[in-house]
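>>> sequence first, then the predicted structure:
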Amino acid sequence: MDEQRKPISRSDFPADFAWGTATAAYQIEGAVNEDGRGLSIWDTFSHTPGKTDNGDTGDIADDHYHRYKQDVALMRELGFNSYRFSISWPRILPEGRGKVNPKGLDFYERLVEELLNNGLEPYATLYHWDLPQALQDKGGWKERLSSEAFADYADVVSRRLGDRVKGWITLNEPAVSAIIGHVEGRHAPGEHSIEAGVRAAHHLLLGHGLALPVLRANNRRKDAEFGITLSTTYAEPGDDSQQAQEAAILVDGFNNRLFMDPLFKGRYPSTISNLLERYLPIEAGDMEKISAPLDFLGINYYFRTLALAVEDLSAVKVKTRQVQGAQYTEMGWEVNPEGFYNLLKLVNNDYKPAKILITENGAAFADRLEEGQGQPAVHDPDRTNFIRDHFEAALKASREGVPVKGYFVWSFLDNFEWAYGYSKRFGIVYVDYPTQRRIVKDSGRWYQNFLRG
Ligand code: FCB
């Protein structure tokens, strides 16, 4: 840590900035069998032996479903003005489509009320990977049916909450759903086919395109805003070779452009068209729907990628390299705020979004709860440095004209990190799982002080 550096604070950023943290339903809620919730593909996947570390599931997670009041109170204490959460589709529509479960809607209404009463603006993500299993049984995102069902679901939720939600995010990281879920198979639904991945990518985008006008039509809040969240990486060739160049183009193509090009340009990227064309299930009018204007683009950024060579083209597999002396998180991700700055510049230059919200950024480190005699504490200087350095990178980009208007640190609480189960901790608040105690980490206190100025 560079102690000499002038500390940054909230006042360095635009006044109307959204500050908060992000979470996702399946990662924190628990209560999977309560109040009429249906099954999601993550229930199925996590309960399949060998799919998650230690066989972990989201059955209990952070028990946020029962503790949301206490959690919102803590957010208020830490000084945030916004919160990004996701809504569980199978709580609202246990069969994916058709019969609505009123208790599911009630839960999110209570949560939104609690947020507003505590001075926090709700940013709701409609899809953070928990597709109703009933839809998966009909082919899931490989089929157009899911795009249509998603628009119906968006309708049901926004009829109830369209007067209170400030920010609507249709999808979280469709690239991860499509590629990790359908090509690499490390996430639900665990398929291994490029065709499935490309079909899923298109139907996810189409779902977004069908839901967006529905959300806008049901909105009753003047200052509400609508967007989508994409995962990103800053891809660079790991050496001077032609191979590395090609590998970087593939990484950038599948992680960034596969979604940004359709959303902002109404077409799929030419850099990877050879892998896409024969599988894309495009119908007349789809690309127009997908490219309807957005109020903001949500960017999730964690690491850059140094690509060396394409290992297996049809599996979108690339050989990468590490940097000697660089710091890596518990996920094996390089800490590289410069890549974040570069990525923001790239997105702004190539796509010119009206506004950018950083909807996720954060780091997993091996935290240790210290109980001692005094207050329990978690000293996590690596995470504090990570957050501060990435805030600075965003600030630098913002000063150069990139319209960054909000920042949601991933994550509020330690939680179920998908295939890694509970083995990776991303929270700025530590969760002692056996007791469900919440202990604010030093990074959380740093964020609090940053916001106080
Ligand atoms: C993102 C996901 C989020 C979390 C972080 C670490 O890809 O959107 O749920 O798992 O990574």
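Now that the structure is in, tell me what you want to look at.
>>> give me every residue that touches the residue sitting nearest the centre point of the chain.
When the chain is reduced to its mean C-alpha position, the nearest residue by C-alpha atoms, centre = their mean turns out to be residue 172, at 4.7 Å. Each residue near residue 172 by C-beta atoms under 8 Å, 6 or more residues apart in numbering is listed here: 24, 86, 125, 127-129, 229, 298, 300, 359. (Each C-beta comes from the backbone N, C-alpha and C, glycine too.)
>>> could I get those residues as JSON lines with secondary structure and distance to the ligand?
Formatted as JSON lines, the contacts of residue 172 follow (DSSP: H, G, I helix; E, B strand; the rest coil; distance: C-beta to the nearest ligand atom, whole Å):
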{"residue": "24", "secondary structure": "coil", "distance to the ligand": "5"}
{"residue": "86", "secondary structure": "strand", "distance to the ligand": "9"}
{"residue": "125", "secondary structure": "strand", "distance to the ligand": "9"}
{"residue": "127", "secondary structure": "strand", "distance to the ligand": "11"}
{"residue": "128", "secondary structure": "coil", "distance to the ligand": "6"}
{"residue": "129", "secondary structure": "coil", "distance to the ligand": "7"}
{"residue": "229", "secondary structure": "strand", "distance to the ligand": "8"}
{"residue": "298", "secondary structure": "strand", "distance to the ligand": "10"}
{"residue": "300", "secondary structure": "strand", "distance to the ligand": "6"}
{"residue": "359", "secondary structure": "strand", "distance to the ligand": "8"}
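>>> with the residues you listed in mind, which one is nearest to residue 432?
Checking these against residue 432 with C-beta to C-beta, the nearest one is residue 24 at 20.5 Å.
>>> just checking, the closest one touches residue 126?
No - counting by C-beta atoms under 8 Å, residue 126 is not a contact partner of residue 24; they are 11.3 Å apart.
>>> overlap in contacts, the two.
Both residue 24 and residue 126 are in contact with residue 86, where contact means C-beta under 8 Å, 6+ apart.
>>> the more surrounded of those two?
Taking residue 24 and residue 126 together and counting by other C-beta atoms under 10 Å, residue 24 has the greater number of neighbours (27 against 24).
>>> ok, and the closest non-adjacent residue to the more buried one?
Closest residue in space to residue 24, ignoring its immediate chain neighbours: residue 128 at 3.8 Å, by C-beta to C-beta, 6 or more residues apart in numbering.
>>> phi, psi of that neighbour?
Backbone geometry at residue 128, expressed as degrees, to the nearest 10, gives phi -120, psi 60.
>>> my guess is it meets residue 29, correct?
No - under the contact definition of C-beta under 8 Å, residue 128 does not touch residue 29, with a separation of 10.9 Å.
>>> tell me which of the two has more neighbours.
For residue 128 against residue 29, the residue with the higher neighbour count under other C-beta under 10 Å is residue 29, and the figures read 30 against 25.
>>> report the buried residues of stretch 90-107.
Neighbour counts over stretch 90-107 (16 or more other C-beta atoms under 10 Å) mark 90-97, 100-101, 104-105, 107 as buried.
>>> near the ligand at all, stretch 233-252?
No - judged by C-beta under 6 Å from any ligand atom, stretch 233-252 and the ligand are separated, with a smallest distance of 10.6 Å.
>>> pull the CA atoms of that stretch into PDB?
Included here for stretch 233-252 are C-alpha records, laid out as PDB according to Å, rounded to 0.1, in the frame of the first residue of the first chain:
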ATOM      1  CA  THR A 233     -12.300  -8.600 -18.900                       C
ATOM      2  CA  TYR A 234      -9.600  -6.500 -20.500                       C
ATOM      3  CA  ALA A 235      -8.000  -9.000 -22.900                       C
ATOM      4  CA  GLU A 236      -4.400  -8.500 -24.000                       C
ATOM      5  CA  PRO A 237      -2.000 -10.700 -25.900                       C
ATOM      6  CA  GLY A 238       0.400 -12.300 -23.400                       C
ATOM      7  CA  ASP A 239       3.300 -12.000 -25.800                       C
ATOM      8  CA  ASP A 240       4.200 -10.800 -29.200                       C
ATOM      9  CA  SER A 241       3.100 -13.800 -31.200                       C
ATOM     10  CA  GLN A 242       0.300 -14.000 -33.700                       C
ATOM     11  CA  GLN A 243      -1.200 -16.800 -31.700                       C
ATOM     12  CA  ALA A 244      -1.500 -14.600 -28.600                       C
ATOM     13  CA  GLN A 245      -3.100 -11.900 -30.700                       C
ATOM     14  CA  GLU A 246      -5.700 -14.300 -32.000                       C
ATOM     15  CA  ALA A 247      -6.300 -15.700 -28.500                       C
ATOM     16  CA  ALA A 248      -6.900 -12.100 -27.100                       C
ATOM     17  CA  ILE A 249      -9.400 -11.500 -29.900                       C
ATOM     18  CA  LEU A 250     -11.300 -14.600 -29.000                       C
ATOM     19  CA  VAL A 251     -11.400 -13.700 -25.300                       C
ATOM     20  CA  ASP A 252     -12.500 -10.200 -26.000                       C
END
